[in-house]
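**Student:** Here is the input, now give the coordinates:
(4 chains)
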Amino acid sequence: MKRSKFIDNLFSRATLRGITAIVIFVLIWEFGARSEELTGWRMPFLGLVPAPSAVAASWAGLLGDPSYWQSWYMSFLRVFGGFTAAMLLGIPLGLFMAINKTFHGLYFPTFEIMRPIPPLAWVPASIIFWPTQELSIAFVTFLGAFYTIVLNVLGGAKSINKQYLQAAQSMGASQWDIFRRIVLPATLPSIVVGSAVGMGITWEVVVAAEMISGGGASGGAGGGLGFFIWSSYVGGSYEQIVVGMISIGIAGYFSSELLRQLGGFFTPWLKTR
Amino acid sequence: MNTSTQDNFTANTGARVQEASEIVVSNVSKTYGSGPFSKTVIKDCSFTIESNKLTVMIGPSGCGKSTLIQLIAGFETPDTGTITMNGAPITGPGKDRLVLFQESALFPWMTTYDNIMYGPRARGEGLKEAAKQADFLLAKVGLEAFRDKYPTQLSGGMQRRAELARAMINKPEVMILDEPFRGLDNMSKELMWEYYASLYEEDRNTNFFVTTDIDEAIFLADRLLIMSNLPTSTRSVIEIDIPRPRKIDTLADNQRSNEIKKEVMTLLHEEAMKSFSGGSKAAADFLDAYSKRAE
Amino acid sequence: MSAVMDEKPVQQVTKGAIKIDDVVKIYDPDGAAVMAVDHCSIDIPAGEICMIVGPSGCGKTTLLNAIAGFHGITSGSIHLDGELLCGPGKPQAVPGSDRIVVFQNGALFPWKTNLENIAFGPMMAGKMSKAEIYDKARGMMADAGLSGTENNYPGEVSSGLRRRVEIVRALMNDPKVLLFDEPYRALDSLTKSVMHEALLEIYYRNKVTIFFITHDLEEAIFLGHRLIIMSSRPCKPKKIVEVDIPHPRDYSALTSTRFREIMQEAKGVVNEEAQKAFDAGEKEG
Amino acid sequence: MSSTMKTADVVTNTQGPEVSTLSLTMFRFASWLKSPRPYLMMIGFAIVLGFWYLAVEVWKLPRFEDMPGLTEVFSEWFSKDPYYGLSIFTPEYYLHIGISLRRIAYAFLLATCLGVPLGLFLGWSKNFREFIFPLFEVLRPIPILAWVPLAIIMFAGSESPVIFLTFLASFFATTLNTMLGVESIDESYSRAASCLGASRWQVFRHVVIPGAMPYIFTGLQISIGVAWFSLVAGEMVSGQYGLGYLINTAYMMIEYPKIIIGMITLGIIGFATSAMVRMLGDYLMQWRVRELALGD
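**Tutor:** Model (predicted):
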């Protein structure tokens, strides 16, 4: 009890310090961005970037713009689609590799050889293969999360304490029951971790794919946040680039937070430590 | 499993009388690995786990006791030799031989109650009876208040008691315990000894208990198997004729228990020394010189 | 191997007397204060093996950490050979190689070989050349039956050997006091008894003051000249038991009549405190 | 690093009964050959490649007909006179590889040189961490690729934005893992060192650095992976030459086999670079290698 209070105290001091650092950072950025108009000397790098105040103003203007929100919606849709597909395929595949040695021996090496190819290198091949651009973006997104999820599930399932399996066996459990009541819940924490990491990668891939492919078939507002940034760049409105970046940051953060909450819900026993 | 046990079980919820169940280990050897890395863990090991007795096996740590448990439980098969239960060879794990593991193997994702109910649910047999029995056992091990808690919320001693309950609900013919009280502090340990002894004294099933603690061994055992260092075989068997029920207080003053302790300690100390020096020449010399000094 | 037959080891040692005087340690002074150590006074003569016995989490380690200088004390004072370690005007002792801790889980650096581990203290002090240090280290390793493991990493040798390496590492610095923080806690009782004999053997040849924390009464009686049984939190000496079993001891001492008598004498107090700690919700950690 | 060098000296002097690394490796290899694993692996490859061949070139399945086929890709890749002008015999192929590698090298080395010390200090000094880490956490959720336009604006030319992006990705991974590494070090190690008379700086050198080493190398493994990830994206969006650029232009010019050649090359080189990082880690952390070898 008392100790957690102690940590609370610490935490508040830490928070204060963190906020101080961020405020200083924003001030330097503001000064750097305006250095040319203020002093005539242009700060390297930062001097070329839009100032935070300008970004905030631009953002305020965008809040009422439906196409900005449409970009959010499209990106979320793609992330959700690719991620769900990766979960649906990756979890069973990882589990199956963990319990079936032959299958593992057959396909794990192939899997390992494909893995170092960065997901974005798949973009052109994917565009050729899939009938619509939307599907090809979804495919690349799926790939990004897929490897991580499979590896985490496989690792989790393989590192299950042997005693759990033996205890279940000696109580007369069937293979199916061991899978359902032991292997699955024991792997859940790794699934949660894998999906959190996978979610991060998914956002990376979606943004890049949106930029590279020019925003999908619908283009414009249907292009998602990645395309929003890219088109802002092409259109020369640099403030909007930063707005886009921050928006993606927020979106990514909320997706991970959502996953964390979900993970906590599915693994209640981990909270009791 | 046979239905007569089931009937026995439902007839009286507490003590039950078991039919004879004896495990015979004869000339068993087991080697792990191959080539330059092979390691013979058990060599030519024979002993009997007698029916309706508490047999305790003691030996230095890392001496292959756990391997013997794996073999008896049927998780692994011996390279040579045979292990039979009531005359029939052991071919795989089964709920007639239930293992309680060293570190608690309670499933962390299940509450105490679900853990206890795991066996019956996994086999899908007599769930109603089992539920009643689970409540009875919960009360018996004093964990009613912790019915819906996860294992991490229980103290070490409570976890061991929950595990005892989880094993007992399966009515095993033979209960195998692999250093179940290791890692508990002295006080909880002694409480667990008394508790476990009283459970055993109630029904006198066949129990096989593995430990590295001499006091624990003497307190619990009907028969004591003393194992040698690697490769492991049976070094000596001692019948412990201290009357039951046993209590910590009475045993502390028991002359007989102290005599046994002296005897066991002499045997084991030698084996522990061997295990400690771990084959290192320098360490063996050191111990040699040391034991000479002590004389 | 020259084994020293010494009936009265304690008298020979001239340095390493610890005087703990009225020490109080309160954690978190501005929040709800927790008293870990309550007006605790212990006098340890030079060369004594002093066993501090008490339930886990009772504050024994706090006392050890105060002597070692890992954290400060709230009031009172600790002297080593008449020299103030911490006390009025000096809230925290400075860690130094005259007081070396042997840790609960062992703290040999896994990234250094056994030899490098043992040479660590003198290397840090930088008073001797590397060659001299390594020579001395090899010699001490040979004395402790560790030759042949010089170039092994700690992770490669058995836990028994590891613990001996750690003690030799401490002795390399010619410390006045060795502070043991339940070092054998994780071992099984058989290995423990062998480790105890090995520790005594090393002690008979390098006599230092030993401040040894444990909750295992058997260990305490077997090793110690004196047991100080502590009360559960806040920690304070509750009963002092002299162990008059003559040194050198070996495992047969464990079954001697005197041993059992002392055991009976101490057990009631220890269990009572353990029960108190248990009731207070101190979980075994 | 001198302590690790010393370690290496001592290791070579090791005598005694324990098994040498070479014979251990030989034994592992021999038992691997005896197991079904290499053969299953071959069959696995054959199935995947066979499917590729059959689907595209024999059965001409729908959606596969546009894809470059197995024989088409490999005959192009190993052709002395490639139809699309790119094979292992053309200097252009190595130019792309070389430029990508150079970018990776710059970015990775820079990220390591900055990230490891920063991570060490973040882990070591609580005050420093409390100020800097939140800033880190605020910037981290922004995907590296979202930095592309900003990087192009901030850095002149086409080369430095790509290197900046690659650096940024590596930098976050390295710094974060190094910091976690320092935090993971058991307090008793630094206490033991200070007991033995080590000064604060000596503790840092002899305990903090080697203690964090396993995490640092985990970080570097991740770092090299994300470096390739963002390099490819960067090269596809901007920049001249490089494997990402190769893939993208091959797509634009409808030279499809080159796409696959680029992808496979990326896979091989990506794998090789992370293997190098792993080997370096094993070399610097002999103690871990030998501990683990004992585990089997």
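
**Student:** any idea which helix or strand carries A:W41?
**Tutor:** Using DSSP states H and E, A:W41 maps to neither a helix nor a strand.

**Student:** er, C:I210 I mean
**Tutor:** Using DSSP H and E, C:I210 maps to strand C:209-214.

**Student:** Now that strand: average pLDDT?
**Tutor:** Averaging pLDDT along strand C:209-214 gives 89.

**Student:** give me every residue that touches the closest residue to chain C within the stretch 51-200 of chain B.
**Tutor:** Residue of the stretch 51-200 of chain B nearest chain C, by C-beta to the nearest C-beta: B:M187 (4.2 Å). For glycine as for every other residue, the C-beta is placed from the backbone atoms N, C-alpha and C. Counting by C-beta atoms under 8 Å, 6 or more residues apart in numbering or on different chains, B:M187 touches C:P55, C:N271, C:A274, C:Q275, C:F278.

**Student:** who wins for most neighbours among these?
**Tutor:** Highest neighbour count within those, by other C-beta atoms under 10 Å in any protein chain shown: C:P55, with 28 neighbours.

**Student:** since we're on the closest residue to that residue other than its chain neighbours, how many residues are nearby?
**Tutor:** Sequence neighbours aside, C:A277 is the residue nearest to C:P55 in space, at 3.8 Å (criterion: C-beta to C-beta, 6 or more residues apart in numbering or on different chains). As a burial measure, C:A277 scores 23 neighbours (other C-beta under 10 Å).

**Student:** Pretty sure C:A277 sits against C:R233.
**Tutor:** Yes: here C:A277 reaches C:R233: they are 6.8 Å apart, a contact under C-beta atoms under 8 Å.

**Student:** before we move on, back to that, following element in sequence after the strand holding C:I210, please.
**Tutor:** helix C:217-223.

**Student:** Could you identify the helix or strand that succeeds that next one?
**Tutor:** strand C:226-230.

**Student:** Measure how far that next one is from the centre of its chain, please.
**Tutor:** Relative to the chain's own centre, strand C:226-230 is displaced by 13 Å; criterion: C-alpha atoms, centre = their mean, to the nearest Å.

**Student:** cool, stretch B:75-95 as well?
**Tutor:** The answer for stretch B:75-95 is 17 Å, by C-alpha atoms, centre = their mean.

**Student:** Kindly state the domain boundaries assigned to chain D.
**Tutor:** D:19-67, D:69-295 (automatic domain parsing).

**Student:** Do me a favour and average the pLDDT over the shortest one.
**Tutor:** When pLDDT is averaged over domain D:19-67, the result is 82.

**Student:** got it, and stretch D:280-296?
**Tutor:** Stretch D:280-296 comes out at a mean pLDDT of 75.

**Student:** Setting aside sequence neighbours, what's the nearest residue to the residue of the stretch 101-250 of chain A found nearest chain C?
**Tutor:** Closest residue of the stretch 101-250 of chain A to chain C, C-beta to the nearest C-beta: A:Q163 (18.0 Å). Excluding the flanking residues, the one nearest A:Q163 by C-beta to C-beta, 6+ apart is B:A105, at 4.1 Å.

**Student:** Same question for C:K15.
**Tutor:** In space, and not counting its chain neighbours, C:K15 is closest to C:K176: 5.0 Å by C-beta to C-beta, 6+ apart.

**Student:** Quick check: pLDDT value at that neighbour.
**Tutor:** 85.

**Student:** D:G270 too?
**Tutor:** For D:G270, the predicted pLDDT is 90.

**Student:** Return the residues of chain C in contact with chain D.
**Tutor:** Residues of chain C lying close to chain D by C-beta under 8 Å from any C-beta of the partner chain are C:68-70, C:95-97, C:99-101, C:103-105, C:107, C:109-113, C:115-116, C:120-121, C:124-125, C:148, C:151-153, C:155-156, C:169-170, C:173.

**Student:** before we move on, what about the stretch 151-273 of chain A?
**Tutor:** A:203-204, A:207-208, A:211-212, A:225-226, A:229-230, A:232-233, A:238, A:241-242, A:244-246, A:248-250, A:252-253, A:256.

**Student:** helix/strand/coil for the residue in the stretch 51-200 of chain C that chain B sits nearest to?
**Tutor:** Closest contact between the stretch 51-200 of chain C and chain B, by C-beta to the nearest C-beta, is at C:G145 (2.5 Å). Assigned with DSSP: H, G, I helix; E, B strand; the rest coil, C:G145 falls in the coil class.

**Student:** My read is that it contacts C:R164, right?
**Tutor:** Yes: shown here, C:G145 and C:R164 form a contact pair, counting by C-beta under 8 Å, at 7.4 Å.

**Student:** SS state for the nearest residue to D:K80 once chain neighbours are set aside?
**Tutor:** Closest residue in space to D:K80, ignoring its immediate chain neighbours: D:F89 at 5.1 Å, by C-beta to C-beta, 6+ apart. Counting by three-state DSSP, the backbone at D:F89 sits in coil.

**Student:** So C:K207 is in contact with C:P45, correct?
**Tutor:** No: using C-beta under 8 Å, C:K207 makes no contact with C:P45, being 11.9 Å away.

**Student:** Settle it for me: which of those two has more neighbours?
**Tutor:** Neighbour count, other C-beta under 10 Å: between C:K207 and C:P45, C:K207 has more, with 20 against 16.

**Student:** Doesn't the more buried one belong to a helix?
**Tutor:** No: assessed with three-state DSSP, C:K207 is coil; it does not lie in a helix.

**Student:** Spell out which residues of the stretch 101-250 of chain A are next to chain B.
**Tutor:** Near chain B, when you scan the stretch 101-250 of chain A using C-beta under 8 Å from any C-beta, you find A:161, A:163-164, A:166-174, A:177-178, A:181-182, A:185-186, A:188.

**Student:** List only buried entries from these.
**Tutor:** A:163-164, A:166-173, A:177-178, A:181-182, A:185-186, A:188 (16 or more other C-beta atoms under 10 Å in any protein chain shown).

**Student:** Would you map the strands across chain B?
**Tutor:** For chain B, the strands defined by DSSP state E occupy B:23-32, B:39-49, B:54-58, B:80-85, B:88-89, B:97-100, B:174-178, B:206-211, B:223-227, B:234-239.

**Student:** Could you export those as CSV, including mean neighbour count?
**Tutor:** Shown next, in CSV, are these (neighbours: other C-beta atoms under 10 Å in any protein chain shown):
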stretch, mean neighbour count
strand B:23-32, 18
strand B:39-49, 19
strand B:54-58, 25
strand B:80-85, 16
strand B:88-89, 9
strand B:97-100, 25
strand B:174-178, 24
strand B:206-211, 24
strand B:223-227, 22
strand B:234-239, 14
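
**Student:** out of these, which comes closest to chain A?
**Tutor:** Comparing the strands of chain B by their distance to chain A (C-beta to the nearest C-beta), the top pick is strand B:97-100, with 4.9 Å.

**Student:** and the closest one, what does it pack onto?
**Tutor:** Packing partners of strand B:97-100 (3 or more C-beta pairs under 8 Å, 6 or more residues apart in numbering or on different chains; DSSP states H and E): helix A:162-170, helix B:65-73, helix B:156-168, strand B:174-178.

**Student:** partners of that strand, with directions?
**Tutor:** If you go by DSSP bridges, strand B:97-100 pairs up with strand B:174-178 (parallel).

**Student:** what about stretch D:50-70, how long is it end to end?
**Tutor:** Terminal residues of stretch D:50-70 are spaced 9 Å apart (C-alpha to C-alpha, to the nearest Å).

**Student:** For residue 139, list the residues it contacts.
**Tutor:** Reading this off chain A. Under the criterion of C-beta under 8 Å, 6+ apart, the neighbours of A:F139 are A:G82, A:W122, A:S126, A:F129, A:W130.

**Student:** wrong one, chain D
**Tutor:** The neighbourhood of D:L139, defined by C-beta under 8 Å, 6+ apart, consists of A:G249.
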